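1. Could you look at this predicted model? Sequence included:
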Amino acid sequence: MTSQELKNLQATLWKSADDLRANSDLRSSEYSTPVMGLIFLKFADNKYRQFEAAIEAEYEALKDTRREKTLPEIAIAQCGFYLPDKARYSTLLNLPEEADIARALKHAMAEIEKHRPELRGVLPQDEYFKLTRTDKTIPNRLLQNFANIPDDAGGDLFGQIYEYFLSNFALAEGQGGGEFFTPRSVVRLMVEIIEPHQGAVFDPACGSGGMFVQSAAFIEAHRKAQDQHAADALYVYGQEKTLETVKLAKMNLVVNGLRGDVQQSNTYHEDPFYSFGRFDYVLANPPFNVDDVNLKRVEQDPRFNTYGIPRKKSKAKKKDAGNETVPNANYLWINLFATSLKENGRAALVMANSASDARHSEADIRKTLIEHNLIYGMLTLPSNMFWTVTLPATLWFFDKAKAVQGILFIDARNIFTQIDRAHREFSPQQINNIGMISRLHRGQRGAFVQLVDDYFAQGMAQLAQNAAQVPDLEAQLLAVLDDAPGQTAVQSLTAQWAAWGDLRAAYDAYQIEQERHTTIEAQNAAQHQLQARFEPFFAALHAGLKALDKTVRQTEKQERTAAGRRGISRDLKALKTALETARDQVKQAESFFAHVHWLQERFPQAAYEDVTGLCKLATLDEVQEQDYSLNPGRYVGVVIEEDGKTEEEFIGELVDLQGELEKLNLEAHKLEGVVARNLKALTEDT
């Protein structure tokens, strides 16, 4: 399933589910739990189907022997849970209309919990009765909605659908709803930098468990090197104060086949996992700027006081003795991350930007952490990365195994992909590129060369697909653009794509050559040479497509003015669509080479170096000069970039935009006519 197909599926599923809620008396908070339960059930059924034949085969093979096992025992061992017939999605979906679907769902969830004790009390049951208060058909219609998820959809696809619904419920519930959801791309970046491979992962503010899922995904992506399955490599521990969110997290663990324990507790006052010095990795997005934590209850706790306790500037009055609060809990969390790590542990946390420069007692804590060489790096995030808050945030990274003094500062504020007007995310390639800064800092130069090779391979694969479609596009062009300028533009495009054969041969030769190179320097030099061949190729392609666009616009203008016609022919419409598709495909292929350019321009030697406006490895002396500030902006500097366009290129873009404006004006004029006719028809009827 392509990225666009997934987005369409997510949007369709959400709209259908939300439309049902809008036509009921249900609040979003009442609706989210049973809906997430149905998504869990659909995934469980998909996963069970994959193992069903093997489960049945083992059951039959062991039947009437001394090693005989029950069907539930075999199912739990093979896929993590057992689904009797009454809990199968198809069974529930095909119940007759007069059946009590809410009761059937309750029984299905109870059966799953019966054979998976850690889910007891977690899955929604009585919540399905609430769905029927105003419309008894809602449970069945929700079942039909989620039946649209493909039967072969695996864990990653379900994880993305699951998180998409979580993010939308967070939006629906307002500012407070974000407490159980951290955007997937932010978590992926955190994981990419701390690189968890195996061991115990702790999230003391775990929400729905997204940190755990992405940790497992990182290991799964590197499982060949680890020779271990992600679910077996990790054991996760989570604390969360809200019971409903704990339930979501436990479902999420089962959905993704993770081992672990999530408990409802208040992290400020409870320590169910005896966290001090226990964990290999700590990841979290704790609540920002909490100011009502009682000082007396935390000041003697080594989890919070090892590097200093945040205190208010002025002493408490006698009447407030015992009720004094910390000025801000941000540094309680920062302390907790540092103290929860083993000797070689690593941590990543999301924190408000203000914590990087906080003064008074918090500045003293920050100084102590820096002087103990615990801070590995700091990364400023772009704005609008979170679904429910706009507060700017910074990622903090700890590494207790760090041998050298110095802190890596990264300013990623200008690296993002715009989702919609109000939200941004990191693309997978942007995550890889930012993560590569840290890897180079750790001396992983081979990973840099491999990432560039991966981009080459993906770009070549996309170009091969594009090249295969060129003959059909040329035939379509020649059929419509039959005048001399049109023929010339088509011939020019044909000539430009002829260079593809030379590029493919150069890439094949490069691959053979890379196998012979024994040093990073030689491999990196060969990559620079290969990249240099693609830049003029794409420049020529864009120039050819621009010339074709101009010719097509002229043809369109001629058609519109000929014999007073206001429309254009069907063939010309199809051609414009085909050209738009071709342009998008070229841009998609080019994007991989653009990422190569981004990496090579900033790190030309395939080794870490400070890059103005992006990253800086600051010494302890430099940090001391900045009053122990951990704000990346103070260290990386600012680069002022020009767009690099010539006057001719700028005018060319204006001409293109003018053509687009003319097209939109024509469409607007058509719509005006439609609206006028409809209004006239309505008024005449009355």
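-> Yep, that arrived. Residues are numbered from 1 along each chain as shown.
2. Touching stretch 429-445 from outside, list them.
-> Stretch 429-445 is contacted by residues 185, 188-189, 192-193, 377, 379, 397, 408, 410, 412, 415-417, 426, 447-448, 451, 455, 520, 591-592, 595, 598-599, 603, 606-608, 614-615, 617 when judged by Cβ atoms under 8 Å, 6 or more residues apart in numbering. C-betas here are computed from N, CA, C, even on glycine.
3. Report the buried members of these.
-> 185, 188-189, 192-193, 377, 379, 397, 408, 410, 412, 415-416, 426, 447-448, 451, 455, 592, 595, 598-599, 603, 606, 608, 614-615, 617 (16 or more other Cβ atoms under 10 Å).
4. In helices, which of those fall?
-> Taking DSSP state H, the ones among these that sit in helices are 185, 188-189, 192-193, 447-448, 451, 455, 592, 595, 598-599.
5. Could you single out the nearest of those to Gly637?
-> For those, the residue nearest Gly637 by Cβ to Cβ is Trp598; the value is 18.2 Å.
6. Go through the helix or strand that contains Asp472 and flag the buried ones.
-> Using DSSP states H and E, Asp472 sits within helix 445-480. For helix 445-480, burial by neighbour count (16+ other Cβ under 10 Å) applies to 445, 447-449, 451-453, 455-456, 458-460, 462-463, 466, 470, 473, 476-477, 480.
7. ok, Ala499 - contacts?
-> Phe537, Ala540.
8. Could you report the distance from it to Thr33?
-> The gap separating Ala499 from Thr33 is 57 Å, by Cβ to Cβ, to the nearest Å.
9. Name the helix or strand of the chain that has the lowest mean pLDDT.
-> helix 223-226 (a mean of 50; mean pLDDT, DSSP states H and E).
10. name the helices or strands packed onto the longest strand along the chain?
-> The longest strand of the chain (DSSP state E) is strand 341-352. Where contact means 3 or more Cβ pairs under 8 Å, 6 or more residues apart in numbering; DSSP states H and E, strand 341-352 is packed against helix 184-194, strand 279-284, helix 330-339, strand 393-399.
11. So for Ala200, which of those sits nearest?
-> strand 279-284 (4.9 Å).
12. Counting by contacts, list what that closest one packs against.
-> helix 184-194, strand 199-203, helix 210-221, helix 330-339, strand 341-352.
13. what residue ranges in the stretch 451-600 of the chain score low on pLDDT?
-> Filtered on pLDDT under 70, the stretch 451-600 of the chain yields the residue ranges 562-567.
14. so what's Thr417 scoring on pLDDT?
-> Per-residue confidence (pLDDT) for Thr417: 88.
15. With Arg188 as the reference, measure out to it.
-> 13 Å.
16. can you list residues touching both of these two?
-> Contacts common to Thr417 and Arg188, judged by Cβ under 8 Å, 6+ apart, are Phe426.
17. Low-confidence bits of the stretch 51-200 of the chain, can you list those?
-> 154-159, 170-181.
18. can you check the stretch 201-350 of the chain too?
-> 220-232, 316-322.
19. redo that, cut-off 80
-> 208-233, 252, 254-257, 313-323 (pLDDT under 80).
20. For the stretch 1-150 of the chain, which segments count as strands?
-> For the stretch 1-150 of the chain, strands defined by DSSP state E, counting those that start in this stretch do not occur.
21. which other residues reach stretch 130-146?
-> 13, 16-17, 20, 23-26, 30-31, 34-35, 38-39, 42, 89, 92-93, 95, 97, 101-102, 105, 128.
22. Okay, and which of those residues map to helices?
-> Per DSSP H, these map to helices at 13, 16-17, 20, 30-31, 34-35, 38-39, 42, 89, 92-93, 101-102, 105, 128.
23. Buried members of those into ChimeraX, please.
-> Buried residues among the ones in helices among the contacts of stretch 130-146 (16+ other Cβ under 10 Å), as a ChimeraX selection:
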select :13,17,20,31,34,35,38,39,42,89,92,101,102,105,128
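24. returning to that earlier point: between the helices and strands packed on strand 341-352, which gets nearest to Leu548?
-> helix 184-194 (35.6 Å).
25. Packing partners of the closest one?
-> helix 210-221, strand 279-284, strand 341-352, strand 375-380, strand 393-399, helix 428-441.
26. mind listing what's buried in the longest one?
-> Judged by neighbour count (16+ other Cβ under 10 Å), helix 428-441 contains these buried residues: 429-441.
27. again, but for the third one
-> Taking 16+ other Cβ under 10 Å as the basis for neighbour counts, the residues of strand 341-352 that come out buried are Leu341, Lys342, Gly345, Arg346, Ala347, Ala348, Leu349, Val350, Met351, Ala352.
28. Checking the nearest residue to Arg297 once chain neighbours are set aside next. Helix, strand or coil?
-> What sits nearest to Arg297 in space, not counting adjacent residues and going by Cβ to Cβ, 6 or more residues apart in numbering, is His269, at 5.8 Å. Under DSSP: H, G, I helix; E, B strand; the rest coil, His269 falls in the coil class.
29. Which phi and psi values does His269 adopt?
-> Dihedral pair for His269: phi -120, psi -10, per degrees, to the nearest 10.
30. That one is in contact with Lys296, isn't it?
-> No: if you go by Cβ atoms under 8 Å, His269 and Lys296 don't touch, sitting 11.1 Å apart.
31. wait, what's in contact with the residue nearest the centre of the chain?
-> Geometric centre of the chain, nearest residue: Ser185, 2.9 Å, by Cα atoms, centre = their mean. Ser185 sits next to Met385, Glu425, Phe426, Ser427, Ile431 when contact means Cβ under 8 Å, 6+ apart.
32. How much space separates it from Pro150?
-> Ser185 is 24 Å from Pro150, by Cβ to Cβ.
33. coming back round to it: name the nearest of the ones in helices among the buried ones among the contacts of stretch 429-445 relative to Arg421.
-> Nearest member of those to Arg421, counting by Cβ to Cβ, is Ser185, at 17.7 Å.
34. So that closest one versus Arg602, what's the distance?
-> 21 Å.
35. and if you look at Thr325?
-> Applying Cβ to Cβ to Thr325 and Arg602 gives a distance of 45 Å.
36. And for Ala468?
-> 34 Å.
37. Lys86 now?
-> 58 Å.
38. the more surrounded of those two?
-> Arg602 (18 against 12; other Cβ atoms under 10 Å).
39. Find me the pLDDT at that one, would you?
-> 95.
40. Contacts only, for the spatially closest residue to it that is not a sequence neighbour.
-> Nearest non-adjacent residue to Arg602, counting by Cβ to Cβ, 6+ apart: Val611, 4.8 Å away. By Cβ under 8 Å, 6+ apart, the contact list for Val611 reads Arg602, Phe603, Val636.
41. Next up, the contacts around the nearest residue to Trp333 once chain neighbours are set aside.
-> Leaving aside its sequence neighbours, Trp333 sits nearest to Pro286 (Cβ to Cβ, 6+ apart; 4.3 Å). Pro286 makes contact with Pro204, Ala205, Thr267, Ala329, Trp333, Leu349, Val350, Met351, according to Cβ under 8 Å, 6+ apart.
42. Now do the SS call for Pro286.
-> Pro286 ends up coil, using three-state DSSP.
43. Surely Thr551 touches Gly486?
-> Yes: with contact defined as Cβ under 8 Å, Thr551 reaches Gly486; the gap is 5.2 Å.
44. which among the contacts of Ser185 gets closest to Tyr507?
-> Nearest to Tyr507 among those, with distances taken as Cβ to Cβ, is Ser427, at 23.6 Å.
45. Let me see the backbone angles for that closest one.
-> phi -80, psi 160.
46. wait, doesn't it sit right on Thr417?
-> Yes: the criterion here is Cβ under 8 Å, and Ser427 meets it with Thr417 at 4.6 Å.
47. how does this protein divide up, domain by domain?
-> 3-161, 181-443, 448-607, 650-686 (automatic domain parsing).
48. Packed most tightly, which of these would that be?
-> Compared across those, domain 181-443 shows the largest average neighbour count, a mean of 19 (mean count of other Cβ atoms under 10 Å).
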